[in-house]
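[1] Sequence and computational prediction follow.
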Amino acid sequence: MDIDRVERLIRPGLATMRGYDPVEPIDVLERELGRRIVKLDGNENPYLSSPRAREVLARFPYYHIYPDPLQRKLREALSDYTGFPPQNIVCGNGSDDLIDLVLRLFVCDGDEVLNAPPTFGMYPFLVTLSGGRLVDVPRLSGFALDVEGLRQAMTPRTRVIFVASPNNPTGDVASTEEVRQLLDMEIIVAVDEAYFEFASETVASLIPEYPNLIVLRTFSKWAGLAGVRVGYALCHEKLSSHLLTIKQPYNVNVAGEAAAVASLQDADYLLSNVDKLRAERDRMTEGLASFAFLHPHQSKANFVLCRVDQKGRSGDETAARRLRDGLRGRGILVRFYESDGLRDCLRISAGLPEDTDALLEALGEVWNEL
Ligand SMILES: Cc1ncc(COP(=O)(O)O)c(C=O)c1O
């Protein structure tokens, strides 16, 4: 059998699918650029993970044993942290895993999933993998949800909507009232609160009232565990029981479980880092706004979306892209998007104070050189 025939056996839609745009590994880049990288492109935590979590991992004796499929210790610890009983909690291999599980649970081939771009790129990626049909209802100017547009986009095949709050890449929070309106549409509403600790706003208190609400959270951002992959969902206990049944038994590995439990024991320390990042985000926003060619959008997360004026040349190559390239040449990484409506924007993660200083110093110089 030749490879062409093998490829023809791939599920329709997947052979030509565009993959997720990942950020490049930092060691590869450091080697390529030959200098220390200021990494402001991945919304990661520059204060690292908790020392307690690192110590627990270093001493952990049970790497040879399979993890607990029911995630008992972690769900107990999360119960103390969230105030929800363990029956309302399911953990995943990052919250990406839970986005995938929600789609597996509710979406059959051809079912529709509502999406409110610009938003997190994992939703289109995983909806395509699921065989579902993504229905985009763009946000209004200023990036508020178009609740009426979403309502009008509903059909008998609509199953799920994903709403990131704070939204990545804009940093806007969906109001409780907006989320209630979506819940009243009687579809599954997955509110992705990956940046909850930075915003301190949540709709989790609506769960007892709305069995169609699923709140997703992660240890990647506030707890600095992006590389270890631990996320969780809060929802009605019947839903969490279905999610527990269909998940891969060992989706959270022993290192993830141990690191997440230790992080929760070290929550005060980690939340003090969140406070520092919030302050740095605000200082960076002010600094960006001081340049006439930059227009930062107020954010409640650990990053800022910033519109960049066009300069000189026109066409596809926006000044935002050239600014990204110029910053990269100086070892400063920020996120640029190829997608419609964002080609004149950069998303910049909050970093250490010295990262912000380096960024603000480089921006003016690179702009002058464009
Ligand atoms: C809105 C949103 N949800 C989920 C994630 C992914 O989280 P995790 O690392 O837990 O998979 C991200 C990461 O950038 C995100 O921005």
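    The structure has been received and is ready for your questions. Residues are numbered from 1 along each chain as shown.
[2] Packing partners of the longest helix seen in the chain?
    When the chain is parsed with DSSP state H, its longest helix is helix 267-289. Here helix 267-289 touches helix 196-199, strand 294-296, strand 303-308, helix 353-369, going by 3 or more Cβ pairs under 8 Å, 6 or more residues apart in numbering; DSSP states H and E. Just so you know, the C-beta spots here come from the backbone N, C-alpha and C atoms, and that holds for glycine as well.
[3] between these, which one is nearest to E32?
    Of all these, it is helix 353-369 that lies closest to E32, at 17.9 Å by Cβ to Cβ.
[4] which helices and strands sit right next to the closest one?
    Counting by 3+ Cβ pairs under 8 Å, 6+ apart, helix 353-369 packs on strand 38-40, helix 267-289, helix 319-329, strand 332-336.
[5] CA atoms only for the lowest-mean-pLDDT helix or strand in the chain, dumped as PDB, please.
    Least confident helix or strand, the chain: helix 26-33 with a mean of 80, by mean pLDDT, DSSP states H and E. The C-alpha trace of helix 26-33 is given here as PDB (Å, rounded to 0.1, in the frame of the first residue of the first chain):
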ATOM      1  CA  ILE A  26      12.900  28.800  24.700                       C
ATOM      2  CA  ASP A  27      16.100  26.700  24.600                       C
ATOM      3  CA  VAL A  28      15.900  26.500  20.800                       C
ATOM      4  CA  LEU A  29      15.400  30.200  20.500                       C
ATOM      5  CA  GLU A  30      18.200  31.100  23.000                       C
ATOM      6  CA  ARG A  31      20.600  29.000  20.900                       C
ATOM      7  CA  GLU A  32      19.300  30.600  17.700                       C
ATOM      8  CA  LEU A  33      19.600  34.200  19.000                       C
END
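[6] just the angle between that helix and strand 332-336, please?
    110 degrees (axes from the mean of the first three to the mean of the last three Cα atoms, to 10 degrees).
[7] quick check: angle from helix 26-33 to helix 319-329?
    Interaxial angle of helix 26-33 relative to helix 319-329 (the same axes, to 10 degrees): 80 degrees.
[8] ok, and what's touching helix 26-33?
    With contacts defined as Cβ atoms under 8 Å, 6 or more residues apart in numbering, helix 26-33 is touched by 36-37, 39, 328-329, 331, 333.
[9] between those, which has the most around it?
    With neighbours defined as other Cβ atoms under 10 Å, the most crowded of these is L333; it has 22 neighbours.
[10] Quick check: bridge partners of it?
    Beta-bridge pairing of L333 under DSSP bridges involves K39.
[11] so does stretch 251-264 get close to the ligand?
    No: for a cut-off given as Cβ under 6 Å from any ligand atom, stretch 251-264 has no contacts with the ligand; the smallest distance is 10.5 Å.
[12] any idea where the strands of the stretch 151-300 of the chain begin and end?
    With strands called from DSSP state E, counting those that start in this stretch, the stretch 151-300 of the chain shows them at 158-164, 188-192, 213-218, 231-234, 294-296.
[13] Run a quick neighbour tally on whatever residue of the stretch 1-150 of the chain ends up closest to the ligand.
    The stretch 1-150 of the chain approaches the ligand most closely through G94 (2.8 Å), counting by Cβ to the nearest ligand atom. Around G94 there are 25 other residues, counting by other Cβ under 10 Å.
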